Structures are given as structure tokens and as C-alpha cells.
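# Predicted model follows, preceded by the sequence.
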Amino acid sequence: MSTPNPLNSSHPPPGVPPTKRWNFGALILDVSCFSTGVAFLEPSAVLPLLLERLGANGVLIGALAASRSLIFNLIPVFIAYFLQKRVRLKPTLLTVCNVTRLPVLILPYLIYHSADSLESQKIALWTTVVLLWFWSAGDGMGYAPWMEIVSRAFDERLRGRFFATTQLVSGSINIGVAAFLVNPVLSATFLPYPANYAFLALMYGILMQASSVGLFLIKEPPAPVHAEPETTHLSLFGYLRSLPGAAKGNPNFAKLLRVQLLLAAGTACQPFYVIYAKDYFHLTDDWGGKYQVLLAISGMGILPFIVYVTEKRGMASAIRFVGWVVLLTPIYALTLGRLSPTMFGGVFLLMGGSLGWGLWMAVSQYLLADAPPAKRPLFIALMNLVSVPIALYPTLGGLLVQHTHLYSVSGVPLLFVLTALVVSIGVYFISSLPERKPDAASR
């Protein structure tokens, strides 16, 4: 019997129980609305331009990206501790999402009035920074319970198809959003700044609430029966002290962490590609919408292929594929991308499906399959905690940016060169990861 081609699988395969099908749909609604909402203030193509309009410099743009990543990575390890004795995770997930997503609905008003005065502009800038940071905190608090629910809901093979399906659905929507909403809105003469960005922020806020509806519809699977983690009876301080031992007890975890830390250096450039293109080619803001279309197309093309590589070759091979794409991104920006604004679009075709979701998806699949079920939330949180240095990459990248200009040597941006060097080391270390094929029967 031939193996189904995951590239053609946009729904659960036949024979999947009704509860799994329901959760498949509910979680796709959640992720699709979430990623589509993010598309309206895309962190790599739109948000940097908005922050620049509000008066932010390169350091602040990089610092916001870094601090959002920092809080997202720090919080889950504490949440995992408090969730150890909880059988139901959905109530916690819903609470943190509602509390941190509702406030973003005030952003459209503040952005719309940001041009009224210099004081209004400053209020809009810093409120945007604070609320997006607060939203990232909620994302971090919900990460461990969300990942555990996904782990309980689907086996390893269906889990990969779930990740790919969410990207096929949301990617299709995002292409339409970028091409027929974001790009026209940013270039429309009848909707000048700041009304154009206020509209994008409004759509962002509405879709975040729609994502919460998907979370509400989840039928939470029962917790698997396994031995209670030994950290359950420890104090918070004792729990934190036990974390290094947990990491040392799983050698693959340390190897996976090393690879992730090095490959994620690609995020140092992520907020600055669009800033560089705008300065180098003297572009208008609507090019951010054009590049966003390419980001969405990238996700639709690369992520299903990651699932294909996972099922045909294994999970380490999928990480290797993503690593090469991440490495090619700054190299392309330094070479062919400098020929024209259209050619520079190749940067976003490479980046959208690799740094956007691909690296997270490939690493998460390996981690969820390799971690002991009883300690899965702990290892999810621990991976986030020890990945905190990743948050520094955009800040370090911002130090090589002077407002809208990247520091260069002989016309070559230093940021792109250094990023390529670090990522290349990560690609080399992928060979240390043992290959692992998905087990359709695992839980």
C-alpha cells in the first residue's frame, strides 16, 4: 500500500476519530485566524514601517522584536511548573489569551490620531510597543498548554499534517490579505497615513479575538496516563534548580538546542530586510505589502515540503532542509537581491517559510517526538527558556542599523554577512542530530 503524499493532505486522513476531526478544525480556525491577524501587522514587512512612521529608530525596532521574543521564551518555564498538577489546560489557555488579546483593540484609535500632534505620536508609539509586548507575554503563557493540547490531540504523523494544513489554509488567506488588502491600503490615496495603518491594526485586533473563538471550541483530550513527574512536589525554586539535570538527561535535547540557537541567528536580519530594501532602492511603504505576499507564498510552498521531508526522510532531515533555506536568505540578500526591488523579493520567498514557521515547526516536531510524555510540558518550556539568547539577535542586529541605514563595508551590509556566518555553523551541527521518523501510533 502506498504512503499518502502529505503535500496533497489538507485534511485528516480517513479513519480519524470524530473528536480528533473536531479538534483538527477548531485548531485550524485558531491558528489560521491568529496568523492572518499577524499578517495585517506582519513583523518583518509591515510593523517595522509602522514603527518607523511613529518615530522609532533601528535600535527600538530591534529591541521590540527582541523583548517580545524574550518574554515569549521566559514565561513558559514558569507556566509549566504551575500546570504540573492540572489535568485540564484549556481554562488557563483561554484566560491568558483573552486578558492579553482584548487590549490590542485600542491600537487603531491611537494610531489614527497619531498625526494630531507630536505628543499623540509618542503616545501611539509607546502604547503600540507596550501592548504588543503584553500580547507576546500572553502568547508565551499560552504556549506550553497549547502545545501539550496539540500533542494529546494528534499522533506524530497527524501532528505534522496539522501544522502543514494550518499553513496551507492561512497561507492562502494571507496571500489574499497581502495582495488585496495590505498592499492596496498602504498605497491608497483615499486612505493616507495614519488611517491606513489604523485599519490594519483594527483587522489585527479583530482576528486575534476570532482566534480565541477557535481555542474555545477545542474539546480538550484527556491527559495521558503516565508516571507523575518528580518535579511535581518541588517548590518553584527547587523546580528551577532541577531544570539543568532534566536537560542533561536527554542528550538529543542539548544537540537540538545548539542547532536552534545557531539557526535562529537568522532573526537578527528579519526586521531589517524591508528597512534595507526601502533605503537601498528608495521604495515607498506599499512595497511592504508586496513583500508580504511573498512571505505568505513562501509559507505555503516550504511548510508542506517540510512535512514531506519529515515523512520520507525523517525529522532531522527536515531541520537540515530548513537550515539551508535560512542560510541562503542573507546570502541571496547580499547577491541577487541587490539587483532590483523585484529580485530582492526572493529574500521574503526564502524567509517566510523558514524563519516564519518552518524552523519552529521542524524543531517542535523533533522535540515533541523525542521528549518523554510525562515531561513533555517541561521540555517544551525548557526549550523556550534556554532559547532566550535568540531574543538578543534582533537587538544586536539593530546595533548595526543607523535609523534607516545598515552599516556597510564597501557597500556590503555587515549584518547580513555576520548572520550568514553564524547560521552556517548551525547547518554544520545539524549532522549531530540522530534521524527520527514519525511514528503514527505514538502519543
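Ah, there it is.

# What segments of the stretch 301-443 of the chain are strands?
Secondary structure of the stretch 301-443 of the chain by DSSP state E, counting those that start in this stretch: the strands cover 401-402, 405-406, 408-409, 412-413.

# okay, now residue 193: neighbour count?
Here the number of neighbours of residue 193 (other CB atoms under 10 Å) works out to 15. Any C-beta I mention is one placed from the backbone N, CA and C, and that applies to glycine too.

# secondary structure class for residue 158?
Secondary structure assignment for residue 158 (DSSP: H, G, I helix; E, B strand; the rest coil): helix.

# What's the per-residue pLDDT of it here?
We have a pLDDT of 78 for residue 158.

# now swap in residue 351 and tell me
Residue 351 is assigned 91 on the pLDDT scale.

# With mean pLDDT and distance to residue 285 as extra columns, can I get the strands of the stretch 301-443 of the chain in a markdown table?
Converted to a markdown table, those look like this (pLDDT from 0 to 100; distance: least, CB to CB, whole Å):
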| stretch | mean pLDDT | distance to residue 285 |
| --- | --- | --- |
| strand 401-402 | 74 | 18 |
| strand 405-406 | 74 | 17 |
| strand 408-409 | 76 | 23 |
| strand 412-413 | 84 | 21 |
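
# Mind giving me the packing neighbours of the strand or helix carrying residue 70?
Using DSSP states H and E, residue 70 falls within helix 58-83. Applying 3 or more CB pairs under 8 Å, 6 or more residues apart in numbering; DSSP states H and E, one finds that helix 58-83 contacts helix 47-53, helix 118-153, helix 236-248, helix 376-386, helix 392-399, strand 401-402.

# hmm, try it at 7 Å
Counting contacts by 3 or more CB pairs under 7 Å, 6 or more residues apart in numbering; DSSP states H and E, helix 58-83 packs against helix 47-53, helix 118-153, helix 376-386, helix 392-399.

# helix or strand right after it?
Following helix 58-83 toward the C-terminus (DSSP H and E): helix 90-101.

# quick one, which of the helices and strands packed on helix 58-83 is nearest to residue 241?
Across the helices and strands packed on helix 58-83, the minimum distance to residue 241, taken as CB to CB, is reached by helix 376-386, at 13.0 Å.

# any idea how far the residue nearest to residue 184 when sequence neighbours are not counted lies from residue 295?
Nearest residue to residue 184 in three dimensions, chain neighbours excluded: residue 289, at 7.5 Å (CB to CB, 6 or more residues apart in numbering). Applying CB to CB, to the nearest Å, the value for residue 289 to residue 295 is 10 Å.

# returning to that earlier point: adding distance to residue 351 and mean neighbour count, write the helices and strands packed on helix 58-83 out as TSV.
Listed next are the helices and strands packed on helix 58-83 as TSV, based on distance: least, CB to CB, whole Å; neighbours: other CB atoms under 10 Å:
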stretch	distance to residue 351	mean neighbour count
helix 47-53	13	23
helix 118-153	20	20
helix 376-386	22	23
helix 392-399	14	20
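
# Would you format the strands of the stretch 301-443 of the chain as a markdown table with mean neighbour count and distance to residue 249 included?
As requested, the strands of the stretch 301-443 of the chain are exported to a markdown table (neighbours: other CB atoms under 10 Å; distance: least, CB to CB, whole Å):
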| stretch | mean neighbour count | distance to residue 249 |
| --- | --- | --- |
| strand 401-402 | 17 | 41 |
| strand 405-406 | 18 | 43 |
| strand 408-409 | 12 | 45 |
| strand 412-413 | 18 | 42 |
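
# Could you export those strands as JSON lines, including distance to residue 276?
Putting these into JSON lines (distance: least, CB to CB, whole Å) gives the following:
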{"stretch": "strand 401-402", "distance to residue 276": "8"}
{"stretch": "strand 405-406", "distance to residue 276": "5"}
{"stretch": "strand 408-409", "distance to residue 276": "10"}
{"stretch": "strand 412-413", "distance to residue 276": "7"}
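
# Residue 279 against residue 408, yeah?
No: between residue 279 and residue 408 there is no contact under CB atoms under 7 Å: 10.9 Å.

# pLDDT weak spots in the stretch 101-250 of the chain?
224-236, 239-240, 242-248 (pLDDT under 70).

# mind listing what's buried in the helix holding residue 70?
Of the residues in helix 58-83, those buried under the neighbour-count criterion (16 or more other CB atoms under 10 Å) are 58, 60-81, 83.

# relative orientation of that helix and helix 376-386 in degrees?
150 degrees (axes from the mean of the first three to the mean of the last three CA atoms, to 10 degrees).

# Quick check, pLDDT for the closest residue to residue 193 other than its chain neighbours.
Nearest non-adjacent residue to residue 193, counting by CB to CB, 6+ apart: residue 53, 6.2 Å away. Confidence at residue 53, expressed as pLDDT, is 91.

# Next secondary structure after the strand or helix carrying residue 184?
Counting by DSSP H and E, the element that carries residue 184 is helix 183-187. Downstream of helix 183-187, the first helix or strand assigned by DSSP H and E is helix 195-216.

# what about that next one, distance to the chain center?
Relative to the chain's own centre, helix 195-216 is displaced by 17 Å; criterion: CA atoms, centre = their mean, to the nearest Å.

# what do you get for stretch 77-85?
Mean-position distance between stretch 77-85 and its chain equals 22 Å (CA atoms, centre = their mean).

# Could you do stretch 57-73 as well?
Remark: stretch 57-73 is offset 14 Å from the chain centroid, using CA atoms, centre = their mean.

# Contacts for that stretch, please.
43, 48, 51, 129, 132-133, 136-137, 139-140, 271, 384-385, 387-388, 390-392, 394-395, 397-399, 401-403 (CB atoms under 7 Å, 6 or more residues apart in numbering).

# my guess is residue 255 meets residue 431, correct?
No: Residue 255 lies out of contact with residue 431 (CB under 7 Å); the separation is 9.9 Å.
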